[in-house]
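In: all I have is the shape, not the residue letters:
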């Protein structure tokens, strides 16, 4: 019973960590990364699609992303979606491909980006702690419902805390890596 609760909580924590990694990968760090475009949706014949599903996206140079649409009419749609997004990069369209030049980050921009990264990390930590709290509440509820001993309940809570500490450490490592990437010129 306790094992099931802990297993479910751990699965939720893993999903939270995946979301954090996904969010961090879409943040620009002064280098071109095709995953920066993952959150941008384009209108493809009436339905929203990620750019990567309607075009080839590559980073041939450290500060440039090249988007080659599979269909010519998608050029304007992709360009419009990039302009509407929060990416802050003006696309350059030559009639066959779109080029995005990722600007060099200023010191001020880097510091703002680090703040955003830290906030994203703190949100992930809050989510992890919330999952732990819910799991501990379920474990405590088992005490009332079944004949589990005080020691078994305590052991379950301690185990949950160890798992939580492990995920918090993984979040801290991911944040430190992203911060280092952003601050590296």
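Out: Received the coordinates, thanks. These figures come from a predicted structure and were not determined experimentally.

In: which residues are in contact with stretch 56-76?
Out: Under the criterion C-beta atoms under 8 Å, 6 or more residues apart in numbering, residues 30-34, 36-37, 42, 44, 51, 54-55, 78, 91, 93, 95-104 lie in contact with stretch 56-76. Heads up, the C-betas are built off the backbone N, CA and C, glycines and all.

In: which parts of the chain are helices?
Out: 2-26, 74-84, 107-145, 150-183 (DSSP state H).

In: how about the ones you listed in TSV, adding mean neighbour count?
Out: TSV is the format used below for the helices of the chain (neighbours: other C-beta atoms under 10 Å):
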stretch	mean neighbour count
helix 2-26	16
helix 74-84	18
helix 107-145	16
helix 150-183	16
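
In: hmm, back to that, give me the ChimeraX select line for the contacts of stretch 56-76, limited to the buried ones.
Out: This is how ChimeraX selects the buried members of the contacts of stretch 56-76, with burial counted by 16 or more other C-beta atoms under 10 Å:
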select :30,31,32,33,34,36,37,42,44,51,54,55,78,91,97,98,100,102
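
In: among the contacts of stretch 56-76, which are in strands?
Out: 42, 44, 55, 93, 98, 99, 100, 101 (DSSP state E).

In: what bridges to the third one?
Out: Here residue 55 sits in beta bridges with residue 69, as judged by DSSP bridges.
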